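> Kindly generate the corresponding structure for this input.
(2 chains)
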Amino acid sequence: MIIAAQKNIEEIKEMIAPYEKILIVGCGACVSFCSAGGAREVDALAETIAAERKEEGRGVEIETATVPRQCSVKFVERIEKKTEQAETILSMGCGVGVQTIAKRFPQKRVLPALNTRFIGAREAEGVWTEMCMACGDCILWRTAGICPVARCAKGLINGPCGGSSNGRCEVSKDIPCAWQEIYHGLKRLNLLHYLKEETPRHKVFIHPDRVVRADLQQQQAT
Amino acid sequence: MSLKEALDAGKFLITAEIGPGKGTDTGALLEDASAVKDCVDAINVTDMQSSVMRLASMPVCHLLKDMGIDPVLQVTCRDRNRLALQADLLGAWVLGIRNVLALTGDHPTLGDHPEAKPVFDLDSVSLLDLIGKLGSGVDMAGHELKGTPNFLSGAVVNPGADTEAALDLQIMKMEKKIAAGARFFQTQAVYDLDLFEKFMKRVEGFNVPILGGVILLKSAGMARYMNKNVAGVCVPDSLIKEMTKTKEKVKTSIEIAANLVRGLKDLCHGVHIMALGWEKRVPQVFREAGL
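The predicted model follows:
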């Protein structure tokens, strides 16, 4: 899933400073699971903003909504009524959510309350780690299901650099050397021979990228 | 005799290494190079070692060339994509540089510009492939070159990798580097000759000259620092004690280095000495080692 984290309150305050009627919109998908922008976080942020404004001696009208998935126009539609009264929309979605709202309501200013960090998963309570770079050319079948593109700090695909110590990355002791994890994984599977082959990479995608599925396009046309 | 000629002749190879500093002052750097000039086959010039912004390797290699020294251009994949790497390699050849050492490079977070964007478009293996490809007359995309660089390319290996997995991986990657065209290897600093001998046994059939790394120990503090911070370097307690006890640090340092060089002479095909500013003491190390 997409992992995000809330911006610090000072930056949020700066963004919303010109406005008194604010609609905070959460998302029920990824950012809800990583406790950054779900219904609970929407309520908490609404409370924080109200308290901050009270301290400043300024009024604020806060409306809230949480849609199942902010990256889908279909769900974003549902907040139309609430947007009418709002001077600005403070999105607690990922970058895709923010842009989906901005595209659907071009007359409204949409502000991001989160920083979108990476594609990853929960590792432990309160800890999430990056696991996929969406490189578009998956080699996980060669690497025991551990991605060196995302999990090696240098994205090396032909084996490790010489910088690890005690199985940890030269960048941080909090990061395990992805190549040593791959080594152990392949050894368990009796597939160490993959490490001896040069990893071919053919597909280089130009960003911004798009996926076009002719089969689905045709289906819709008929 | 150039490094390539010495290598082809099967000589015991000796290389040194200098690291350009921050700024345009090359005085001390070139003095260091002159100090070792007569006892080495070639001198490596580092490519912003430890990811600290410094004077580039290529112009310094060119200056060494002018001094009659065969330079080894260190090229890392940290800062340049494949376009820049190829352009620089062609440029190096035009400047008379004939040897390249292909490295992955440290991550920028280790240096003094930690927010620099890490590139790593290629890695050490694909960089070696690329050097070979340029030598065959085409660029990485297969387009023909007018004028072809024919580098002697080398690579590095860390024989002191600290876990079984890390060492196995180093050796597997070393094989990939050989397949990709590495003609010689320089190693991370060796302080434990028994451990190094074990490593040499494992790579016995690889048929490529290995130059054992030697870093001049300047003090016990430096040894402890390296043990803590430099991957693959392990200075044994006995040497740290020697450096602590001695009243003549330089003399002891030279003795330790000479002992290592003497030991390496029987184990591998050359030495790569990193004096880190103590270049003037290098000739004595080789004299004491009987080279």
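
> Can I get the longest helix along chain A as PDB, trimmed to CA atoms?
Counting by DSSP state H, the longest helix found in chain A is helix A:39-56. Output of helix A:39-56 as PDB, limited to C-alpha atoms (Å, rounded to 0.1, in the frame of the first residue of the first chain):
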ATOM      1  CA  ALA A  39     -11.500   8.900   9.500                       C
ATOM      2  CA  ARG A  40      -9.800   8.900  12.800                       C
ATOM      3  CA  GLU A  41      -6.900  11.100  11.700                       C
ATOM      4  CA  VAL A  42      -9.400  13.500  10.000                       C
ATOM      5  CA  ASP A  43     -11.200  14.000  13.300                       C
ATOM      6  CA  ALA A  44      -7.900  14.500  15.100                       C
ATOM      7  CA  LEU A  45      -6.700  17.000  12.600                       C
ATOM      8  CA  ALA A  46     -10.000  18.900  12.800                       C
ATOM      9  CA  GLU A  47      -9.700  19.100  16.500                       C
ATOM     10  CA  THR A  48      -6.100  20.300  16.300                       C
ATOM     11  CA  ILE A  49      -6.900  23.000  13.800                       C
ATOM     12  CA  ALA A  50      -9.800  24.200  15.800                       C
ATOM     13  CA  ALA A  51      -7.700  24.400  18.900                       C
ATOM     14  CA  GLU A  52      -4.900  26.200  17.100                       C
ATOM     15  CA  ARG A  53      -7.300  28.700  15.700                       C
ATOM     16  CA  LYS A  54      -8.900  29.300  19.100                       C
ATOM     17  CA  GLU A  55      -5.500  30.100  20.400                       C
ATOM     18  CA  GLU A  56      -4.900  32.500  17.600                       C
END
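
> Are there helices or strands packed against the helix or strand following it, and which ones?
Using DSSP states H and E, the helix or strand that follows helix A:39-56 in sequence is strand A:61-67. Counting contacts by 3 or more C-beta pairs under 8 Å, 6 or more residues apart in numbering or on different chains; DSSP states H and E, strand A:61-67 packs against strand A:21-27, helix A:39-56, helix A:80-85. From N, CA and C alone the C-beta is placed, and that goes for glycine too.

> Quick check: buried residues in the worst-scoring helix or strand of chain A on mean pLDDT?
Lowest mean confidence among the helices and strands of chain A (mean pLDDT, DSSP states H and E): helix A:214-221, at a mean of 85. Within helix A:214-221, no residue is scored as buried using 16 or more other C-beta atoms under 10 Å in any protein chain shown.

> just checking, what packs against it?
Looks like helix A:214-221 contacts no helix or strand (3+ C-beta pairs under 8 Å, 6+ apart).

> would you put the C-alpha positions of it in CSV?
Provided in CSV are the C-alpha atoms of helix A:214-221 (Å, rounded to 0.1, in the frame of the first residue of the first chain):
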residue,chain,number,x,y,z
ALA,A,214,-6.6,-2.2,-25.4
ASP,A,215,-8.7,-5.2,-24.4
LEU,A,216,-10.6,-3.2,-21.8
GLN,A,217,-10.9,-0.2,-24.1
GLN,A,218,-12.5,-2.4,-26.7
GLN,A,219,-14.8,-4.0,-24.2
GLN,A,220,-16.2,-0.6,-23.2
ALA,A,221,-16.6,0.5,-26.8
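
> Distance from that helix to the middle of the chain?
Between the centre of helix A:214-221 and the centre of its chain there are 29 Å (C-alpha atoms, centre = their mean, to the nearest Å).

> related to what we said a few turns ago, could you give the average pLDDT over the longest helix of chain A?
The average pLDDT within helix A:39-56 is 97.

> got the angle between it and strand A:61-67?
170 degrees (axes from the mean of the first three to the mean of the last three C-alpha atoms, to 10 degrees).

> Run through who's touching helix A:39-56.
A:6, A:9, A:12-13, A:16, A:22, A:24-26, A:28, A:31-32, A:35, A:59-60, A:62, A:64-66, A:90, A:92, A:113 (C-beta atoms under 8 Å, 6 or more residues apart in numbering or on different chains).

> Break chain A into its domains for me.
Per automatic domain parsing, the structural domains of chain A span A:2-117, A:134-196.

> quick one, strands of chain A?
A:2-6, A:21-27, A:61-67, A:88-91, A:109-112, A:114-124, A:127-132 (DSSP state E).

> now chain B
According to DSSP E, the strands that chain B contains are B:13-18, B:42-45, B:71-76, B:99-103, B:152-157, B:184-189, B:210-215, B:270-274.

> Pipe these into TSV and attach distance to chain A, mean pLDDT and mean neighbour count per row.
Converted to TSV, the strands of chain B look like this (distance: least, C-beta to the nearest C-beta, whole Å; pLDDT from 0 to 100; neighbours: other C-beta atoms under 10 Å in any protein chain shown):
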stretch	distance to chain A	mean pLDDT	mean neighbour count
strand B:13-18	16	98	24
strand B:42-45	16	98	26
strand B:71-76	10	98	27
strand B:99-103	9	98	27
strand B:152-157	7	98	25
strand B:184-189	7	97	24
strand B:210-215	11	97	26
strand B:270-274	14	97	26
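
> Quick one: closest of those strands to B:Asn227.
strand B:184-189 (11.0 Å; C-beta to C-beta).

> No further questions, thank you.
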